[in-house]
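[1] next come a sequence and a model predicted from it.
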Amino acid sequence: MSEKNRDGKRTARERMAIEREKQRAADKRRRALIVGASVVCVLALATVVGVLAANAGKGGKESDSAGPAVAPSGAVGKDGLAIPVGRDSAKSTLTVWEDFRCPACQVFEATYRPTIHQLVDAGKLKVEYHLVTLIDGNMGGSGSRRAANAAACAQDAGKFVSYHDTLYRNQPKETQDAFGSDDRLIALAGKVPGLDTPAFQKCVQDGKHNSWVVKSNAAFQSGGFPGTPTVLLGGKNIYTDRTMTPARLKLLVEEASKR
């Protein structure tokens, strides 16, 4: 092979080597650009998610837990989470965890209401109501919370019992969130003499006790209760006691009042 041909082949190999090196360098730059772009996209997405998270719950009165927990007038118990009905001197206390959207709660109320009212009026029974938002969590909507807030507003006005009973008498189907309307809750207040006032309306529309309701529901969740209603007499859940009847409840309370 001539010296000229050898030089030509060497030069061609060198050119190919140079081209391969250029290609490797180009590939490296391209990979760097792709990685860089991916990082930018991830950071941008993180920023968006952060903004959305920061804005979550900033819906004013629509937010479940906006602002401090404001207990209704006269609330008792740990953190003021119970609305008391009856005389402090009563020897028996019925603790009720309830949800105004809960059909089983409505059945319990319809069955036991006359007996409970009779015993409370006689000074033999005190009832402590804890308001829960279980159905909102299970079915969606905000009716449990809004109804509970409205009931707390009625407590501020000294009309809790009458409004409480009115809500159950007008309870919508579990799948319908009619109590999610403040207008509906205010309209029902018209059935309670003296309750539908500007102060009550403002309390309902502002969600004054929303955070208190959320706190009450959290206490229910952490209490390990089986569901609503949970009705405790002497620490025992009488709602799950199949032998319990209004007549037996009356007997137990009257016996305790004689001790």
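    Right, received. Where do you want to start? Numbers count the residues shown, from 1 in each chain.
[2] which strand or helix spans Val96?
    For Val96, the element it lies in under DSSP states H and E is strand 92-98.
[3] gap between that strand and the chain center?
    In terms of Cα atoms, centre = their mean, to the nearest Å, the gap separating the centre of strand 92-98 from the centre of its chain is 21 Å.
[4] ok, stretch 252-259 next?
    When C-alpha coordinates are averaged (Cα atoms, centre = their mean), stretch 252-259 and its chain have centres 37 Å apart.
[5] strand partners (parallel or antiparallel) of the strand holding Val96?
    Here strand 92-98 has these sheet partners by DSSP bridges: strand 125-131 (parallel), strand 230-233 (antiparallel).
[6] in JSON lines, list the ones you listed along with mean neighbour count, mean pLDDT and distance to Ser89.
    Bear in mind the C-beta positions are built from the backbone N, C-alpha and C, glycine included. Below are the strands paired with strand 92-98 laid out as JSON lines (neighbours: other Cβ atoms under 10 Å; pLDDT from 0 to 100; distance: least, Cβ to Cβ, whole Å):
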{"stretch": "strand 125-131", "mean neighbour count": "23", "mean pLDDT": "98", "distance to Ser89": "8"}
{"stretch": "strand 230-233", "mean neighbour count": "20", "mean pLDDT": "98", "distance to Ser89": "17"}
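[7] output those in a markdown table, with distance to Pro68 appended to each entry.
    Listed next are the strands paired with strand 92-98 as a markdown table, based on distance: least, Cβ to Cβ, whole Å:
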| stretch | distance to Pro68 |
| --- | --- |
| strand 125-131 | 17 |
| strand 230-233 | 27 |
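[8] what's the closest of these to Ala189?
    Closest to Ala189 of the strands paired with strand 92-98, according to Cβ to Cβ: strand 125-131, at 16.5 Å.
[9] immediately after the closest one, which helix or strand?
    Once strand 125-131 ends, the next helix or strand along the chain (criterion: DSSP H and E) is helix 134-139.
[10] who touches that following helix?
    For helix 134-139, contacts defined as Cβ atoms under 8 Å, 6 or more residues apart in numbering pick out 99, 101-102, 141-145, 174-175, 177, 217, 220, 227-228.
[11] returning to that earlier point: which is the next helix or strand following the strand holding Val96?
    helix 103-121.
[12] which of the residues in that following helix are buried?
    For helix 103-121, the neighbour count (16 or more other Cβ atoms under 10 Å) marks 105-106, 108-109, 112-113, 115-117, 119-120 as buried.
[13] which one among those gets closest to Gly86?
    For the buried residues of helix 103-121, the residue nearest Gly86 by Cβ to Cβ is Val120; the value is 4.3 Å.
[14] so what does the residue lying closest to that closest one once chain neighbours are set aside have for phi and psi?
    If you skip the residues right next to it in sequence, Val120 has Gly86 as its closest partner in space, 4.3 Å away by Cβ to Cβ, 6 or more residues apart in numbering. According to degrees, to the nearest 10, the main-chain angles of Gly86 amount to phi 110, psi 180.
[15] now the one 5 residues further on
    When read as degrees, to the nearest 10, the backbone of Lys91 gives phi -80, psi -10.
[16] ditto for the one 10 residues further on
    Backbone torsions of Arg101, given as degrees, to the nearest 10, read phi -90, psi 0.
[17] measure it to Lys258 for me?
    Distance, Arg101 to Lys258, by Cβ to Cβ, to the nearest Å: 38 Å.
[18] for the two, indicate the residue with more neighbours.
    When Arg101 is set against Lys258 and neighbours are counted by other Cβ atoms under 10 Å, the residue ahead is Arg101, at 34 against 7.
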